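Chemist: With the input below, show me the fold.
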Amino acid sequence: MNKALLGLLLGGFLGIFDGLTAWFTPAARAQLIGIVIGSTVKGLIAGVLIGYFARKVRSLPLGIAFGLGIGLLLAFAVAAMPDPSGKHYYFEIMLPGGIVGMIVGYATQRFGAAQAAVSR
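Modeler: Model prediction:
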């Protein structure tokens with residue numbers, strides 16, 4: 001499986017679990033379905049970006065670092081939006097987002113198939 005597709009699938013799958021971590025924040029439980037959907041979309045976007053990076057740069061440490069950076073960046077964008085009471089949940093959102101990014105970065109570098117060379 002190519003790296004971008006692996007990133008897309010794994011990012012979407014792990015995004016579901018990222019969203020389900022909202023269960024541990026009692027104030028967010030009422031919005032769990034929306035959070036899971038948003039986290040899945042965030043995981044899909046991160047997975048594609050990380051997968052394309054993995055196609056261009058073949059370095060496990062850089063892939064993990066890039067995955068962490070993308071995961072944290074997208075999670076920060078979500079965490080910057082306050083809930084209706086005005087509270088932000090930076091730690092609760094950014095921790096699982098960063099972990100998902102690192103896992104996808106590792107998996108795309110380690111298990112994704114390199115692009116086949118085109119001969120002319």
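Chemist: Now the helix ranked longest in the chain: buried residues?
Modeler: When the chain is parsed with DSSP state H, its longest helix is helix 32-56. By 16 or more other Cβ atoms under 10 Å, the buried positions in helix 32-56 come out as 35-36, 38-40, 42-51, 53-55. Quick note: C-beta positions are derived from backbone N, CA and C, even for glycine.
Chemist: now swap in stretch 81-92 and tell me
Modeler: Within stretch 81-92, the residues scored as buried using 16+ other Cβ under 10 Å are 89, 92.
Chemist: still on that earlier bit, which residues touch the longest helix of the chain?
Modeler: For helix 32-56, contacts defined as Cβ atoms under 8 Å, 6 or more residues apart in numbering pick out 2-16, 18-20, 22-23, 28, 63, 66-67, 70-71, 74-75, 78, 97, 100-101, 104-105, 108-109, 112, 114-115.
Chemist: Show me what the helix or strand Val104 falls within is packed against.
Modeler: Counting by DSSP states H and E, the element that carries Val104 is helix 90-111. Other elements packing on helix 90-111 under the criterion 3 or more Cβ pairs under 8 Å, 6 or more residues apart in numbering; DSSP states H and E are helix 3-20, helix 32-56, helix 60-79.
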